[in-house]
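>>> Curious how this folds, go ahead:
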Amino acid sequence: MPAVTDRLVHRGLGTARLSLVLVTLGLLTAACGGGLAASGRHRPRSGPTVPIARPTAPTSPTPATPPPTQPSEVPAASSPPAGSQGVSPSMTPLPPPAPIAAASPGTGAWRPAGRLVDGSPALYETTLVPPGGSQPAGVAWMDTHLLAARLYSGSVSPGGGPYRYTAPIEPAQAASLVAAFNGGFKMDAAGGGYVTEGRTIVPLVAGAASLVITSGGGVTVGAWGTDVQMAPDVVSVRQNLVLLVDGGRPTTQAATPDWQAWGATCGATSCAPSVPGIEAQWRSGVGVTADGALVYAAGPALDPLQLAQLLVAAGVVRGMELDINPDWPVFASYDPPPGGLAAPANGTKLLPSTVQGPWTFFESWWARDFVTMSARPTTPG
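Residues are numbered from 1 along each chain as shown. This is a model prediction of the structure:
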């Protein structure tokens, strides 16, 4: 039955119609697609990969643990993840993102987006055409001194709920919400693990690309056991494949001909299982800059190297791929009236052409994991 859901989604049913169909079929919480890599049509290869050069390792890699039969408590370690913003980052804004030298006229200029935080922009957006590309992708830069991250979980990815933080976003969180974006593949195709709300849902994998969030909302990206590791203040880890950007450059593997190692894709006009996937497809990714800003990028007709190049152009030093294919990449910012709640009506897509939008994270049927970026509370006095 999951294949039925995939076909319904990919054949162009609108979001509202799809949800009604799913209710009718009793598949509301079934595995509905997921980077299509999760459909079993083409799974990312699990064999040897191209070695990736990494910065000097602060610690020895943490070995993977065997799968638990039930979600378990997260073990603590003696040191925090490298690059973490910590529990109480400064409320002093980071310097705005540097201009991007763009080959295409009208692209590469940053513009503020979303609600102000303590009177300052905390989010900047731009569009950029990657090298060799023909269509603009969207890039968002987020100030982690002003914004706190939170991982929301779903019944499809990672599964294993219920969770405190899951769709729909509640009014208490909407009061400070600035932006939200999609997570990664379904876990059977992610090549990694998932930790959240003090529980290991899927065991973490040494070397896997990891989005790490601390109890204070700090967020960073790195290879597990090398750049980032378990610590007492780590509350969420979302792994997906291996690093796409490392040391400020696309990894060797990102440039290899084996593009299916970065997930199975839809065809040019259809996501039906019988249609061969194409390399240049919708892709999304996230990374961290040298000064700790978080950068998201997504666009159509991207190969893995082009996605990596977009992140690098925005200053990313370590980056990873998130979900792919037309139905899953989404980034939305919210700009409600002062003191108001973020809502679909005051949300804006990073790219107008994405299937999902500002409403997605406010729908109870949305069963995929995602990340929110919210205004940090200001310190009185």
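
>>> which SSE is residue 273 in?
Assigned by DSSP states H and E, residue 273 belongs to no helix or strand.

>>> From residue 263, how far off is it?
As judged by C-beta to C-beta, to the nearest Å, residue 273 and residue 263 stand 15 Å apart. C-beta: built from backbone N, CA, C; applies to glycine.

>>> Dump stretch 251-270 to CSV, restricted to CA.
C-alpha atoms of stretch 251-270 as CSV (Å, rounded to 0.1, in the frame of the first residue of the first chain):
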residue,chain,number,x,y,z
THR,A,251,33.4,16.2,-0.9
THR,A,252,35.1,13.8,-3.3
GLN,A,253,32.0,11.6,-3.2
ALA,A,254,29.7,14.5,-4.2
ALA,A,255,31.5,14.7,-7.5
THR,A,256,31.6,11.0,-8.4
PRO,A,257,29.4,9.6,-11.2
ASP,A,258,27.6,7.5,-8.6
TRP,A,259,24.8,10.0,-8.0
GLN,A,260,22.4,7.2,-6.8
ALA,A,261,24.5,7.0,-3.6
TRP,A,262,22.7,10.3,-2.7
GLY,A,263,19.3,8.8,-3.0
ALA,A,264,16.9,7.4,-5.6
THR,A,265,15.1,10.0,-7.7
CYS,A,266,11.9,10.4,-9.6
GLY,A,267,11.9,10.5,-13.4
ALA,A,268,11.7,13.7,-15.4
THR,A,269,7.9,13.8,-15.5
SER,A,270,6.8,11.0,-13.2
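
>>> nearest spatial neighbour of residue 364, skipping sequence neighbours?
residue 168 (5.1 Å; C-beta to C-beta, 6 or more residues apart in numbering).

>>> quick check, that neighbour in a strand?
No: applying DSSP: H, G, I helix; E, B strand; the rest coil, one finds residue 168 to be coil, outside a strand.

>>> Please say which of residue 273 and residue 263 ends up with more neighbours.
The residue with more neighbours, out of residue 273 and residue 263, is residue 263; 30 against 17, by other C-beta atoms under 10 Å.

>>> Quick check: the more buried one vs residue 212, distance?
Counting by C-beta to C-beta, the gap from residue 263 to residue 212 is 21 Å.

>>> One more: residue 328?
22 Å.

>>> what about the two, which has more around it?
Neighbours were counted for residue 328 and for residue 212 using other C-beta under 10 Å; residue 212 has more, 30 against 27.

>>> I'd guessed the more buried one sits against residue 237; true?
Yes: with contacts counted by C-beta atoms under 8 Å, residue 212 reaches residue 237, the gap being 5.3 Å.

>>> could you pull out the strands for the stretch 51-200 of the chain?
Along the stretch 51-200 of the chain, counting by DSSP state E, counting those that start in this stretch, strands occupy 72-73, 111-112, 123-128, 137-142, 147-152, 177-182, 194-196, 199-202.

>>> so which of those gets nearest residue 98?
Among the strands of the stretch 51-200 of the chain, strand 137-142 comes nearest to residue 98, with 9.7 Å by C-beta to C-beta.

>>> residues in contact with that closest one?
The contact list for strand 137-142 (C-beta atoms under 8 Å, 6 or more residues apart in numbering) reads 97, 100, 110, 113, 122-130, 178-179, 181, 289, 293-300, 302, 310, 313-315, 331, 333, 350-351, 373.

>>> So in that sheet, which strands flank that strand, and in what orientation?
Pairing partners of strand 137-142, with direction, according to DSSP bridges: strand 123-128 (antiparallel), strand 294-302 (antiparallel).
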